[in-house]
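S.K.: Quick one, fold the following:
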Amino acid sequence: MGTGVMIGAGIFALTGQIAELAGPWFPLSFIAGGIVTGFSAYTYVKMSNAFPSAGGIAMILQNAYGPGAIAAAASLLMALSMVINESLVARTFGTYILRLFDLGTESLLVPVLGVGLILFAYLVNVSGNRSVGLFSVVMAFLKIGGIAIFGIAALAASGFSFEPASGSSDAIPSRASRHQSRSRSSRSRASPRSPTAALRSSIRTEMSAAQSS
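M.R.: Purely as a prediction, here's the structure:
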């Protein structure tokens, strides 16, 4: 539940709300969510290795609390939370589809598309474990590709670039300019002018300027 909702439903349905609430702490909220998700995933892995079964969360609750009222109540709460989660994902799916065609998000088509998605998921589940596994792999690749495309598009829209801005003091000088500056500094160090030579040069300049005038 924790891994599926945080990575699956949360990344698509709640990113905007989290960004609005977190503000400048938005990247850190992803790091915190990743840490919590890591603990949740590790728990599932350890419990699955200790008690191999197809029962899912109900099996974990039964082994943790025994076949009693606590396990039954927690299983019912888990089922209810999954219903809420699927409803959120289905409604988000309908909203995003309507935005692609520039239609109103308050239309009756939003719940219609959501119910259609839930029916499609039901048909995939009743088709068998092999179909579910294949569809999960395909959807995982589509999800990763969608997130990657979304990130690249966001960077492109924000004008992100590795090159320094024009006129910036952080601009890296080219190799030719560095070579010219080193040549000037080496010439100035190699041939220092004495005070007498500088005085003679200034006198010649003043005499030539007087003659020309």
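S.K.: So, low pLDDT: which residues of this structure?
M.R.: Within the chain, the set of residues satisfying pLDDT under 70 comprises 1-12, 55, 161-213.
S.K.: Mind doing that once more with 50?
M.R.: For the chain, the stretches with pLDDT under 50 are 1-2, 170-173, 190-193.
S.K.: Report how many residues lie close to residue 77.
M.R.: By other C-beta atoms under 10 Å, the residues close to residue 77 number 11. C-beta here means a position set from N, CA and C on the backbone, and glycine is covered the same way.
S.K.: Then residue 95?
M.R.: Residues near residue 95, counting by other C-beta under 10 Å: 18.
S.K.: Mind listing what's buried along whichever strand or helix holds it?
M.R.: Using DSSP states H and E, residue 95 sits within helix 69-100. For helix 69-100, a neighbour-count test (16 or more other C-beta atoms under 10 Å) marks 71, 74-75, 78, 85, 88-95, 97-98 as buried.
S.K.: What helices and strands are in contact with the helix or strand that contains residue 123?
M.R.: Using DSSP H and E, residue 123 falls within helix 109-126. Other helices and strands packing on helix 109-126, by 3 or more C-beta pairs under 8 Å, 6 or more residues apart in numbering; DSSP states H and E, are helix 69-100, helix 129-157.
S.K.: List the residues that contact the residue lying closest to residue 64 once chain neighbours are set aside.
M.R.: Leaving aside its sequence neighbours, residue 64 sits nearest to residue 71 (C-beta to C-beta, 6 or more residues apart in numbering; 7.4 Å). Listed by C-beta atoms under 8 Å, 6 or more residues apart in numbering, the contact partners of residue 71 are 58, 61, 62, 64, 65.
S.K.: hmm, try it at 10 Å
M.R.: By C-beta atoms under 10 Å, 6 or more residues apart in numbering, the residues touching residue 71 are 58, 59, 60, 61, 62, 63, 64, 65.
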